[in-house]
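Visitor: Here is a sequence together with a model predicted from it:
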Amino acid sequence: MPNISKAGELDPTFASRGRFSHHQYNHVGPMAVLESTGHILVSSAHRTEQHIKLLRLDAGGVPDREFGTDGVAIVEYTGALRVFLSTIITDETGGIYVVGDFNYAPDSYYPVVFHLLPDGKPDTQFGENGQAYRVYRSISSTRQHRPINSTPGSKHSSSTTPRSTSGSIWDGVLYFHSRDHIVAITLNGDLDTEFNGTGFWGAAHEGQPVLLGAIAVTEQGIYAAHTPMPIEDYQSHVIVTRLDHRANVDETFAAHGHLQLSTPGHTLLAARLEQSTSNHHFVLACRTDINTYDEGTALMSFKRDGAPNTHFNAGQPVIIQKDPSVMASALDLAFDGQPGDHEKIYLAVMYEDEAARDPLVLLRFNSDGTLDNNFGTAGWAFVGESGTALKVSCQANGQPLVACNLKLATDPRTGLYLVRLTR
């Protein structure tokens with residue numbers, strides 16, 4: 001009798017025994033699943049290299065040799081200590097925008113966008129002097145614009161944790177999140193000065209700077225989840241603001257454009273904001289109890305107009321905190337895109353327990369906010385001896401893809417992989 005995998009295990013039909021690896025995939029960057037073709041894009045920008053790499057796979061995890069050179073596209077850059085990639089966005093023609101931060105000096109960053117043609121060739125018409133990228137030097141961020149170390153001391157330092165971010169194209173303009181700014185550019189790469197008069201919006205609330213944790217771009221506007229700037233500690237609430245295409249606060253949303261979400265007894269840091277693909281509501285993932293070994297996750301849901309989503313845990317936050325002294329801190333969030341109440345929510349967390357065990361962990365929730373008992377162990381999938389699920393996305397059939405580092409008991413090598421789990 002063949003072995004039948006249960007939901008939440010490595011899918012042996014994907015790539016090589018459930019894992020894709022490649023010598024050019026030497027740093028985990030953002031990924032994207034293309035709805036039109038099912039292709040998977042994964043990215044890498046290693047600290048020792050002066051270029052970014054984009055790999056395209058078919059739906060089964062096999063490199064697409066027609067993309068770039070043997071499935072790998074490379075775009076060189078100059079003038080940066082390093083580039084940190086944050087999101088991949090495609091337009092309706094198949095053009096690819098890879099967004100990141102251009103680390104031009106210690107603790108100093110500009111937004112950067114790389115552009116590739118659908119076949120993986122760098123678009124040398126996009127930037128200056130034949131460069132396939134643009135650096136937006138009028139928008140500068142420093143480390144002071146980011147929170148204090150957001151994870152307690154462990155083998156996973158904050159420097160290895162990817163920044164959660166997002167972006168999308170709305171009415172021909174690409175909006176994206178770059179540290180504590182929202183940036184708007186035309187598809188040719190120019191700043192769209194209709195947005196705030198400058199092409200960018202510095203995150204602020206009531207005249208005070210805030211920590212911009214995540215954005216979601218929809219036809220209703222740009223939803224920005226931000227956290228009050230910590231002084232001695234983080235606060236127990238976050239705020240979601242909706243902006244229009246001019247960066248004006250949309251006062252028809254929630255209370256005069258701002259929705260306050262709170263978890264009494266837990267400090268909060270906004271990490272990821274996603275819109276359901278079928279039910280027109282949002283889920284916000286926040287890290288809780290920041291800088292403690294009990295650091296966990298809160299999930300909160302609201303409708304497009306800012307009203308509570310009472311279908312999701314009766315409108316109350318879902319607190320994920322497996323046990324005291326166990327870290328389960330939000331890294332990424334994805335909907336599986338299935339219709340109606342069949343839709344599932346995947347949550348990637350940084351996990352470590354008192355015994356310093358730290359397997360790759362992915363959680364799955366039902367649309368009402370309850371853990372899905374049919375996935376893993378009571379909704380928690382533990383994979384390997386050690387690892388971290390850094391990014392999660394879903395294919396058209398709802399199967400989760402996880403960009404991760406991972407070590408299996410059957411393999412002495414700890415490596416960077418794209419894995420697919422059974423559904």
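Guide: Great, that's in hand. Numbering: from 1, shown residues only.
Visitor: Please make it C-alpha for all contacts and neighbour counts, starting now.
Guide: Noted.
Visitor: List the neighbouring strands of the worst-scoring helix or strand of the chain on mean pLDDT plus their orientation.
Guide: Scoring the helices and strands of the chain by mean pLDDT, DSSP states H and E places strand 141-142 at the bottom, with a mean of 84. Next to strand 141-142 in the sheet, as set by DSSP bridges, lie strand 108-116 (antiparallel).
Visitor: how's the protein carved up into domains?
Guide: 12-137, 154-423 (automatic domain parsing).
Visitor: Quick check: end-to-end length of the shortest one?
Guide: Which is domain 12-137. 46 Å (Cα to Cα, to the nearest Å).
Visitor: That one: how far from the chain's middle?
Guide: 15 Å (Cα atoms, centre = their mean, to the nearest Å).
Visitor: and that domain, what's its mean pLDDT?
Guide: The average pLDDT within domain 12-137 is 96.
Visitor: Check the last one too.
Guide: For domain 154-423, the mean pLDDT works out to 91.
Visitor: got the buried residues for stretch 213-232?
Guide: Of the residues in stretch 213-232, 213-217, 221-229 count as buried by neighbour count, 16 or more other Cα atoms under 10 Å.
Visitor: Put the alpha carbons of it into CSV.
Guide: Extracted as CSV, the C-alpha positions of stretch 213-232 are listed here (Å, rounded to 0.1, in the frame of the first residue of the first chain):
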residue,chain,number,x,y,z
GLY,A,213,4.1,47.4,9.6
ALA,A,214,2.1,46.3,6.5
ILE,A,215,-0.1,47.5,3.7
ALA,A,216,-2.8,46.1,1.4
VAL,A,217,-3.7,47.7,-1.9
THR,A,218,-7.2,47.2,-3.2
GLU,A,219,-9.8,48.8,-5.4
GLN,A,220,-11.2,50.5,-2.3
GLY,A,221,-7.9,52.2,-1.4
ILE,A,222,-4.6,51.6,0.4
TYR,A,223,-4.9,50.1,3.9
ALA,A,224,-1.9,50.9,6.1
ALA,A,225,-1.4,49.1,9.4
HIS,A,226,0.8,51.0,11.8
THR,A,227,1.9,50.8,15.4
PRO,A,228,2.6,53.8,17.8
MET,A,229,6.3,54.5,18.1
PRO,A,230,7.5,52.7,21.2
ILE,A,231,9.2,54.8,24.0
GLU,A,232,9.8,52.3,26.7
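Visitor: What are the contacting residues of the least confident helix or strand of the chain?
Guide: 107-110, 179-180 (Cα atoms under 8 Å, 6 or more residues apart in numbering).
Visitor: Figure out how far it is from the centre of its chain.
Guide: Distance, centroid of strand 141-142 to centroid of chain: 20 Å (Cα atoms, centre = their mean).
Visitor: swap in stretch 283-296?
Guide: For stretch 283-296, the distance to the chain centre is 16 Å (Cα atoms, centre = their mean).
Visitor: buried sites along it?
Guide: 283-291, 293-296.
Visitor: again with stretch 44-53
Guide: So, applying 16+ other Cα under 10 Å, buried residues of stretch 44-53: 44-46, 50-53.
Visitor: how long is it end to end?
Guide: Per Cα to Cα, stretch 44-53 runs 5 Å from first to last residue.
Visitor: now swap in stretch 345-361 and tell me
Guide: Using Cα to Cα, first and last residues of stretch 345-361 are 14 Å apart.
Visitor: distance between it and the chain's centre?
Guide: Taking Cα atoms, centre = their mean, one finds stretch 345-361 lying 17 Å from the centre of the chain it belongs to.
Visitor: still on that earlier bit, from the contacts of strand 141-142, which would you call buried?
Guide: 108-110, 179-180.
Visitor: before we move on, back to that, any idea which of the buried residues of stretch 283-296 is closest to T370?
Guide: Closest to T370 out of the buried residues of stretch 283-296 is V283 (13.2 Å), distances taken as Cα to Cα.
Visitor: Next up, the contacts around the closest one.
Guide: By Cα under 8 Å, 6+ apart, the residues touching V283 are 273-276, 299-302.
Visitor: now do 6 Å
Guide: By Cα atoms under 6 Å, 6 or more residues apart in numbering, V283 lies in contact with 273-274, 300-301.
Visitor: Can you flag the buried ones in these?
Guide: For the contacts of V283, buried by 16+ other Cα under 10 Å: 273-274, 300-301.
Visitor: could you redo the domains of the chain as CSV and give each row distance to S5?
Guide: Shown next, in CSV, are the domains of the chain (distance: least, Cα to Cα, whole Å):
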stretch, distance to S5
domain 12-137, 9
domain 154-423, 7
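Visitor: Can you say which of those is nearest to K6?
Guide: Short answer: domain 154-423, nearest of these by Cα to Cα, at 6.8 Å.
Visitor: if we can go back for a sec, now that we have the contacts of strand 141-142, can you turn them into JSON lines and tack on distance to P12?
Guide: Converted to JSON lines, the contacts of strand 141-142 look like this (distance: Cα to Cα, whole Å):
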{"residue": "D107", "distance to P12": "42"}
{"residue": "S108", "distance to P12": "43"}
{"residue": "Y109", "distance to P12": "41"}
{"residue": "Y110", "distance to P12": "41"}
{"residue": "R179", "distance to P12": "37"}
{"residue": "D180", "distance to P12": "40"}
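Visitor: which stretches of the stretch 251-400 of the chain form strands?
Guide: Assigned by DSSP state E, counting those that start in this stretch, the strands in the stretch 251-400 of the chain fall at 258-262, 268-275, 281-288, 296-303, 318-320, 327-335, 345-352, 360-365, 380-383, 386-394, 400-407.
Visitor: In a markdown table, list those along with distance to Y417.
Guide: Output for those, formatted as a markdown table (distance: least, Cα to Cα, whole Å):
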| stretch | distance to Y417 |
| --- | --- |
| strand 258-262 | 35 |
| strand 268-275 | 22 |
| strand 281-288 | 24 |
| strand 296-303 | 24 |
| strand 318-320 | 26 |
| strand 327-335 | 16 |
| strand 345-352 | 15 |
| strand 360-365 | 12 |
| strand 380-383 | 13 |
| strand 386-394 | 10 |
| strand 400-407 | 5 |
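Visitor: can you pull out the helices in the stretch 151-300 of the chain?
Guide: Using DSSP state H, counting those that start in this stretch, no helices are found in the stretch 151-300 of the chain.
Visitor: got the residue ranges for the strands in the stretch 1-150 of the chain?
Guide: Counting by DSSP E, counting those that start in this stretch, the strands of the stretch 1-150 of the chain are 19-20, 31-33, 40-44, 51-57, 72-76, 82-90, 96-105, 108-116, 133-135, 141-142.
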